[in-house]
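> sequence plus predicted model, see below.
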Amino acid sequence: MKIIFKIARAELRNLFYSPIAWVTLVVFFVISGMQFINPLRTMAIQQELLQANSPGWNGFRGPLTFALFNDTIKHMLQYLYFFLPLLTMGVINREVNSGTMKLLNSSPVSIREIVMGKFLGLTGFNLALMSVIALMLFTGYFTIQHAEFAWYCSMLLGFFLLTSTYMAIGLYISTLTSYQIVAGIATFFAFIILGMMGKIGQEYDLFRDITWFISLAGRTDFMFNGLITTRDLFYFLLVIVLFLGLTTLKLKSLQESKKWTVSFTRHLLLILTVLTLGYFSSRPGHIGYLDVTSNKLNTLDSTTQGVLKELDGSPLTVTLYANLLGRGYDAGSPASRNAYIWGFWEKYIRFYPNIQFKYEYYYDIKKGDSGLFKSYPGKTIHQIAKQVARMFKVDLADLKKPGAIDTMTDLSREDQWKLIMELEYKGNKSLLRIYDMPIWPDPSHVSASIRKLTRNNIPKVMFTTGNWERSPWRNGEREYGLHTNLQAKREAMTNMGLDADTISLLRHDIPANTKLLAVADPRSALQPSEQEKILQYIENGGNAIFYGEAGKQQILNPILNTMGVTLENGRLVRPHLHAASDAFRLMLNKAGVYLAQTSYMQSAQKFGVEKAAPNAVFSGFCDISFKDTNGFKIEPIIQMPGAKNIWIENGLYVADSAKPIFSPEEGDLQKEVYTIGLKLTRMINNKEQRIIVTSDADFMTVINSIELGLYSWLVYNEYPVYIPNIYHKDRWLTIGKNPAKVLWYVYAYGLPGLLLLTGTILLIRRKRK
């Protein structure tokens, strides 16, 4: 070990007596300092302005620990591509050219000690580079409230391992040629090739895993994000060992006079050993994870983990169906398979390793879909597929032909035949869809699909039909398809584990498996038999939601009156110059925001109803009166305070005519508070019965922040599977504009100047000696 340290000390001394090393340090410091201090200064100015002009401002979205440093470090690593080859290009060949290597070989010093000493010396310079990063992280730690120290350590570890890997690669390449410039250029290109390796041969099964493992691209992303995995640690250590081993073997081959086959065999055995160890260290179920972030940002939330625990260890098979002629094929193609598994599924594999993956590639279009033929006029589906396959560099013979996929799965109810996943567990199957950017589903969607496999009582939401009600199957202006069965919408009921369908009460009884009955704004009077079935359903303890509308109060009142609820006559209006007079943006009250755990409701629960309550645009609604009846406890969930310019219009109201005028003679009324939504609860049959009544149906036809919260409460919040909101602590800076300006000058001029002066003095004194 003493010899190794002596060689390391000599190498480190040689580096710091070189102008290249000091130029590298200074330039690296300036570039990295500007990448860090400019965003910090900008955010300090923004914070002062927002604090002065927005008293209710809750800080940056955060986490600032990540926001200030992630891009900074990644940019710095890109510049190392240019600097490190200059440092490593002469480490070995300099000794060979000067004859020092022959002296070392004739002395009692082993080649292993030479290589380790050289690498240790480079590691010393690596620590000098890392001290630049550490200084910035140290500054960030004291300028950010609640900065995460462990996260900083993870970033430093990632930086150190990657630069050490670069050093090992450069050390090996310096043994391949006696020309330093050639070694530097070769090292630079080696970095580029190893960075691009993950994109080479990904469409071929034989090369996919090998090139993916060898690739350096993205290897530090997890560490920069605060997640340390044994796979990444083993990768860097194995690559470092590989190139140090290759360096040793190369120098040994120059010292020995043996056949080339001996050296080749040694090289091959070393490479195969490293690849084998790397393969087994990255297998699912054999990877350790350490999430050092305080909020466990890289870990599945506890709710999703709970859903995965509903699986008993049996195989969960995920079949990816990729349609060459459908949207999303590129993300599901063989070339993207590793990104699909490790980019999307890894966080689930971490907690449930027994996930098996299958792939089916085909080309087909849904029956009746003529859009593709319009884009390719005069061509058959096979000709179109051949042209698209050429674009994706796919062999059409490897894809299943039209009609073949029908024998494997049922996609008949899918709106589009695009990329889709099918989950299978113990013979049960469920579909998992993709969406617009980001393309992959959220944990709530995955949880919903898994629960369809593990539970037999998937909530069925039945919408009554036959009286011109709002339909869950149509997406028109007044329809409910947007939040129920629109497959392309992430938040739609069908993607969140709830099945919505329609039922005609004139023809059928309400099914026994109905978890929720929805009566959505019937336009014509309900027949006595329909009313009787609804009342019987309520009497039996069924949960329901009633959407009323102004002008049609008499249709629902016969049913609602039995529960102590009445939709009052008239409609709420407020004269407005630029909008309909009967349109209001209303929010849930305190009782309303605690119905469920949607993202908006969680925010309202934390920050208060006034700041973050879910809201929607209500139009054409009336006031609701109520009184506890038949054991129901009734509580408002949507209310509007009265005002001078708001009243109940009981006269003739024409939306596209003149503004309404308050007229007590026509029965117009004003109140202190108007009620628009109610929740009703009572204990019956040993369970809590839940009912919601609103006097408006239009608010659910448009995008709103109430989302599926009302339905969720009615099915006891089992669906959707909500993900807990994450609230970062590191949302504030501890400095203002002026201290940030001082830091800017320190990083832009002070510290680089001091470093440059130190290097200059050292080099001048060295030259004089």
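Cool, got the structure. None of these values were measured; they are calculated from a predicted model. Residues are numbered from 1 along each chain as shown.
> how does this protein divide into domains?
2-292+740-768, 302-453, 515-520+536-714 (automatic domain parsing).
> would you mind giving those as JSON lines with distance to N495 and mean neighbour count added?
Using the backbone N, CA and C atoms, a C-beta is placed for each residue, glycine as well. What follows is the domains of the chain, written out as JSON lines (distance: least, Cβ to Cβ, whole Å; neighbours: other Cβ atoms under 10 Å):
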{"stretch": "domain 2-292+740-768", "distance to N495": "26", "mean neighbour count": "18"}
{"stretch": "domain 302-453", "distance to N495": "6", "mean neighbour count": "16"}
{"stretch": "domain 515-520+536-714", "distance to N495": "10", "mean neighbour count": "18"}
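> so for Y480, which of those sits nearest?
Ranking the domains of the chain by proximity to Y480 (Cβ to Cβ) places domain 515-520+536-714 first, at 6.1 Å.
> I'd like the distance from that closest one to the chain centre, please.
Mean-position distance between domain 515-520+536-714 and its chain equals 35 Å (Cα atoms, centre = their mean, to the nearest Å).
> let me know the secondary structure of Y279.
Classification of Y279 by DSSP: H, G, I helix; E, B strand; the rest coil places it in helix.
> mind listing what it touches?
Each residue near Y279 by Cβ atoms under 8 Å, 6 or more residues apart in numbering is listed here: 209, 213.
> measure it to L162 for me?
Distance, Y279 to L162, using Cβ to Cβ, to the nearest Å: 21 Å.
> now do R413
Taking Cβ to Cβ as the measure, R413 falls 48 Å from L162.
> now do Q356
Distance from Q356 to L162, by Cβ to Cβ: 33 Å.
> if we can go back for a sec, would you turn the domains of the chain into TSV with mean pLDDT and distance to I726?
TSV is the format used below for those (pLDDT from 0 to 100; distance: least, Cβ to Cβ, whole Å):
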stretch	mean pLDDT	distance to I726
domain 2-292+740-768	86	9
domain 302-453	90	12
domain 515-520+536-714	93	10
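> how about TSV for those, with distance to L506 added?
Shown next, in TSV, are the domains of the chain (distance: least, Cβ to Cβ, whole Å):
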stretch	distance to L506
domain 2-292+740-768	52
domain 302-453	26
domain 515-520+536-714	14
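> ranges for the strands of the stretch 451-600 of the chain?
460-465, 499-504, 514-520, 544-547, 565-567, 571-573, 583-587 (DSSP state E, counting those that start in this stretch).
> could you point out which of those strands sits nearest I287?
strand 499-504 (36.2 Å).
> what's the angle from the closest one to strand 460-465?
With axes from the mean of the first three to the mean of the last three Cα atoms, to 10 degrees applied, the angle from strand 499-504 to strand 460-465 works out at 30 degrees.
> pull the CA atoms of strand 499-504 into PDB?
In PDB, the C-alpha atoms belonging to strand 499-504 read as follows (Å, rounded to 0.1, in the frame of the first residue of the first chain):
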ATOM      1  CA  ASP A 499     -67.500   1.100 -14.300                       C
ATOM      2  CA  ALA A 500     -70.200   3.400 -15.600                       C
ATOM      3  CA  ASP A 501     -73.300   2.100 -17.500                       C
ATOM      4  CA  THR A 502     -76.900   3.000 -18.200                       C
ATOM      5  CA  ILE A 503     -80.100   1.400 -17.100                       C
ATOM      6  CA  SER A 504     -83.700   2.000 -18.200                       C
END
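> quick one: list the elements packing against that strand.
strand 460-465 (3 or more Cβ pairs under 8 Å, 6 or more residues apart in numbering; DSSP states H and E).
> buried residues, the strand it packs on. List them.
Of the residues in strand 460-465, 460-465 count as buried by neighbour count, 16 or more other Cβ atoms under 10 Å.
> phi and psi next, for T247.
phi -60, psi -50 (degrees, to the nearest 10).
> I'd guessed it sits against I92; true?
Yes. Between T247 and I92 there is a contact under Cβ atoms under 8 Å: 7.3 Å.
> need the overlap of contacts for these two.
Between them, T247 and I92 share the contacting residues 171, 175, judged by Cβ under 8 Å, 6+ apart.
> could you find the closest non-adjacent residue to K489?
Closest residue to K489 apart from its sequence neighbours, by Cβ to Cβ, 6 or more residues apart in numbering: L482 at 6.5 Å.
> how far away is the one you found from E549?
Per Cβ to Cβ, L482 is found 18 Å from E549.
> ditto for G343
On the measure of Cβ to Cβ, G343 and E549 end up 46 Å apart.
> kindly report the same for P575.
21 Å.
> the stretch 151-300 of the chain: helices as residue ranges?
Under the criterion DSSP state H, counting those that start in this stretch, the stretch 151-300 of the chain contains helices at 180-196, 205-214, 221-224, 230-255, 260-281.
> tell me the angle of the last one relative to helix 230-255?
In terms of direction (the same axes, to 10 degrees), helix 260-281 departs from helix 230-255 by 170 degrees.
> taking helix 205-214 as reference, get the angle to helix 260-281.
Orientation check (the same axes, to 10 degrees): helix 260-281 against helix 205-214 gives 80 degrees.
> how about the longest one?
What separates the directions of helix 230-255 and helix 205-214 is an angle of 90 degrees, with the same axes, to 10 degrees.
> and helix 230-255, what other elements does it pack with?
helix 111-143, helix 149-173, helix 260-281.
> got those as a markdown table, with distance to E568 columns?
Compiled in a markdown table, those are given as follows (distance: least, Cβ to Cβ, whole Å):
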| stretch | distance to E568 |
| --- | --- |
| helix 111-143 | 58 |
| helix 149-173 | 56 |
| helix 260-281 | 70 |
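> partners of the longest strand anywhere in the chain in the sheet?
Longest strand in the chain by number of residues (criterion: DSSP state E): strand 673-684. Strand 673-684 pairs in its sheet with strand 633-641 (antiparallel), strand 687-694 (antiparallel), by DSSP bridges.
> can you check which of these gets nearest to S504?
S504 sits nearest to strand 687-694 of all these, at 21.7 Å, using Cβ to Cβ.
> identify all contacting residues around that closest one.
538, 541-548, 560, 563, 565, 621, 624, 632, 637-638, 676-683, 710, 713-714, 716.
> rerun at 7 Å
541, 543-548, 560, 563, 565, 624, 638, 676-682, 710, 713-714 (Cβ atoms under 7 Å, 6 or more residues apart in numbering).
> all the helices of the stretch 601-750 of the chain, residue numbers only.
Assigned by DSSP H, counting those that start in this stretch, the helices in the stretch 601-750 of the chain fall at 609-612, 709-714, 737-745.
> tell me which of these lies nearest to E532.
helix 709-714 (22.0 Å).
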